[in-house]
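Novice: build me a structure from this.
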Amino acid sequence: MIKKFIAIIGVHFLLAVGVFAYYNADQIKKLNESPIHSSAPEQEQFTITVNNLSDDIDPIAYDFYGKRELAFTYESLVDFDDHFAIKPALAVSWGMISETEWQFNLRKEVVFHDGSEFNADDVIATLERARSNSNSLFKDFLLNIESIEKVDEFTIKINTADPMPTLLSELTNIYITPEEQVREGKVSEYIGTGPFKLKEIDEKKVNFQRNEQYWKNPENYPKNLILQKKENKYARLGQILGGETQVLADVPPIFIEQIKNNSSVKIIESPGIKSVFLLFNPETEFLQNKNNQQALNIAINREKIKELIKGIKLTSQFAGSGIFGYKPDIELPVYNLQKAKEIIEIQEERIFELNLTGQNLVLGQFLKEQFEQLDIRININTISEQELVQSMKEKTADFYLIGWDFSKGSTDDFLRDFVFSSSELNLLEYSNEELDKYIKKSLFEVDEEKRLKALQEAMEIIITKDMIGLPLFAIDNLLAYLPSEYNISIRSDGIIHF
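Specialist: Down below sits the predicted model:
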């Protein structure tokens, strides 16, 4: 649960103290004016600078940083494209034999980095490990799978207990490893089928070399790829502005304008999968009043949030516009402090409690100031992620400022885990029969259009009919790069592709 309630705001605040370390404003100006060394054709070395690397790598148990590293060396059966549509990877095609039977036709003439040939045995061994291993992040999500059958060397069949429309999106996260490695327990050796092989690794960088046997045009990838860690954001800025790295991932939003002012550096701003919102305690009587809910919603000047926090997009719902289940016709609330004051119904004077993690304090202070214009007094409690989860279980606060990572590109896990009445992760014990009906339909409906409609109807309920909180914004993915012969893109979940 804590992995979902992410502390995602810290680096996104434009603090009033200004540039405080490593480079001062004059130095940044000089970096902007520095010449960029042009990229030579067929670069021998291509460097991507990031803010962190993963300490522990396992193809079925990884964090965000681990997934970003693994994506260079491993592949899944199916994958997401840059718009979160399913595309072929190690499976060239697939289909449903019935509502509970899926067949996958595997790609032929694919070789693992150790020279072994890819086939159905590798897929079955990997999926069985993902289903049964105690460390697997995907064990619970694959509970609906009853069996995995080998039809022939390049065909498998997956049988589910109930219709499982989310199967394909679940499979995007499971990287295929050689069957022999699974059997011998050597799954952390970076042996995949992807475009890069691991050359060497330490705590500050990962060196990859191009997989010359890669099945998909290996010449489209650099011969050598270095993923280097630079924790200091000013050092990372200096790397890209000084031409010392070809790509800067994890761009701090406070540097967007500096980077845009340098004509030699390009920047990609893509919709991200992380959203931030203010959640209500459903047991707080004041917040059960629809007029009060609406007053709070229109008392927030969201445009000022954009001034306070760079690299975000305001959103009218709990997911950003690039997430499956987003309902385009739900409009952003219009700021109207006068109307908010007219409709607010304060029965008694009291202090409301707002719980948040330390990274979210600046945003919390802003919301406090906005609500105090309605004579609503707020006490802010800064606590750890674990304490925040416990506070929600015990309902010790009136408001919770949290974020959600829509890592599967869909609202279904948020709805299923967070607000479905029978979910163990529904910490605030929210319940709505009409909502449950739409969530159940989305979980078993295999028709994509009908499933989308069910998700959208569910989202509308918790925003307009039975408000659970106030959506605020989604965080953009920001990537800066020096133009080269390689095409670089960043997916909504932060995965970098050539």
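Novice: quick one, grab the pLDDT at the nearest residue to Glu303 once chain neighbours are set aside.
Specialist: Leaving aside its sequence neighbours, Glu303 sits nearest to Tyr335 (CB to CB, 6 or more residues apart in numbering; 7.2 Å). C-beta coordinates here come from the backbone N, C-alpha and C atoms, glycine included. According to the model's per-residue confidence, Tyr335 sits at a pLDDT of 97.
Novice: hmm, Tyr335 is touching Asn297, no?
Specialist: No. Tyr335 sits out of contact with Asn297 when judged by CB atoms under 8 Å, with a separation of 9.6 Å.
Novice: would you mind measuring the gap between the ends of stretch 346-356?
Specialist: Using CA to CA, to the nearest Å, one end of stretch 346-356 lies 24 Å from the other.
Novice: quick one: buried residues of it?
Specialist: Phe352, Glu353, Leu354, Asn355, Leu356 (16 or more other CB atoms under 10 Å).
Novice: re earlier: neighbour-wise, which of Tyr335 and Asn297 wins?
Specialist: Each of Tyr335 and Asn297 has its neighbours counted (other CB atoms under 10 Å); Asn297 has more, 20 against 16.
Novice: skip the chain neighbours and tell me the closest residue to the more buried one.
Specialist: Nearest in space to Asn297, with sequence neighbours left out and distances taken as CB to CB, 6+ apart, is Pro333 at 4.8 Å.
Novice: and Gln365, how many neighbours?
Specialist: Per other CB under 10 Å, the neighbour tally for Gln365 reads 15.
Novice: next: Gly95.
Specialist: Based on other CB under 10 Å, the number of other residues close to Gly95 is 9.
Novice: list the residues that contact it.
Specialist: Counting by CB atoms under 8 Å, 6 or more residues apart in numbering, Gly95 makes contact with Trp102, Gln103.
Novice: ok, Arg68 touching Asp493?
Specialist: No. The criterion here is CB under 8 Å, and Arg68 misses it with Asp493 at 9.0 Å.
Novice: and Glu303, helix, strand or coil?
Specialist: Classification of Glu303 into helix, strand or coil gives helix, according to DSSP: H, G, I helix; E, B strand; the rest coil.
Novice: quick check: it touching Leu332?
Specialist: No. Here Glu303 lies out of contact with Leu332, judged by CB under 8 Å, at a distance of 9.8 Å.
Novice: what residues do the two have in common as contacts?
Specialist: By the contact definition CB under 8 Å, 6+ apart, Glu303 and Leu332 are jointly contacted by Leu314.
Novice: alpha carbons of the longest strand seen in the chain, as PDB, please.
Specialist: Looking only at the chain and at elements set by DSSP state E, the strand with the highest residue count is strand 266-280. Written as PDB, here are the backbone C-alpha positions of strand 266-280 (Å, rounded to 0.1, in the frame of the first residue of the first chain):
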ATOM      1  CA  LYS A 266      15.600  19.900 -26.400                       C
ATOM      2  CA  ILE A 267      13.000  19.000 -23.800                       C
ATOM      3  CA  ILE A 268      10.100  16.500 -23.800                       C
ATOM      4  CA  GLU A 269       7.200  17.200 -21.600                       C
ATOM      5  CA  SER A 270       4.900  14.200 -21.600                       C
ATOM      6  CA  PRO A 271       1.800  13.500 -19.400                       C
ATOM      7  CA  GLY A 272       2.800  11.500 -16.400                       C
ATOM      8  CA  ILE A 273       1.000   8.800 -14.400                       C
ATOM      9  CA  LYS A 274       1.300  10.300 -11.000                       C
ATOM     10  CA  SER A 275      -1.600  12.400  -9.600                       C
ATOM     11  CA  VAL A 276      -2.000  14.400  -6.400                       C
ATOM     12  CA  PHE A 277      -5.200  15.000  -4.600                       C
ATOM     13  CA  LEU A 278      -6.800  16.000  -1.300                       C
ATOM     14  CA  LEU A 279      -8.800  13.100   0.300                       C
ATOM     15  CA  PHE A 280     -11.800  13.600   2.700                       C
END
